[in-house]
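>>> prediction below, plus the sequence it came from.
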Amino acid sequence: MKTGKGPSTRKSLSLILVDSDRPSFSMDREGPMKSSEIIFEVIDSPEGGYEARALSASIFTEAEALPELEETVRDAVRGHFDEGQAPSVIRLV
C-alpha cells in the first residue's frame with residue numbers, strides 16, 4: 001500500500017458485485033462441490049504491472065503484463081485448489 005502524500009496510483013479496472021448469499025463451495029454428503037467460476041479483481045500495481053486478487057478465495061498474484069498475469073492467475077488457481085476442485089471459469093475484471 002502506498003503511503004505518503006498525494007493520491008494513490010492504484011486504479012481499479014472494474015467493479016463486480018458478487019451474490020454474498022451464494023458461497024463459492026457448498027457441502028453435501030460427498031464433500032465440497034466444485035464452484036463453476038472464480039472472479040479476480042485486476043488493478044494497476046503501484047510498483048508497475050498488475051495485481052490480481054480473487055474475490056472468493058485467498059489467492060493473489062502479480063505480473064508485469066496482462067498476458068503474463070493471465071498465466072500466473074491460472075497457475076495460482078491450479079495450486080490453490082485440490083485436483084478436480086478448481087473452478088472451470090476464471091474471470092478477470
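Nice, I can see it. Computed from a predicted model, the values in this text were never measured in an experiment.
>>> buried stuff in the strand ranked longest in the chain?
In terms of residue count, the longest strand belonging to the chain (DSSP state E) is strand 37-44. For strand 37-44, burial by neighbour count (16 or more other CB atoms under 10 Å) applies to 38, 39, 40, 41, 42, 43. Any C-beta I mention is one placed from the backbone N, CA and C, and that applies to glycine too.
>>> residue 91: neighbour count?
By the measure other CB atoms under 10 Å, the count of residues near residue 91 is 13.
>>> and the gap between the nearest residue to it once chain neighbours are set aside and residue 73?
Excluding the flanking residues, the one nearest residue 91 by CB to CB, 6 or more residues apart in numbering is residue 39, at 4.7 Å. Per CB to CB, to the nearest Å, residue 39 is found 11 Å from residue 73.
>>> wait, residue 48 sits on residue 62?
No: with contact defined as CB atoms under 8 Å, residue 48 does not reach residue 62; the gap is 9.8 Å.
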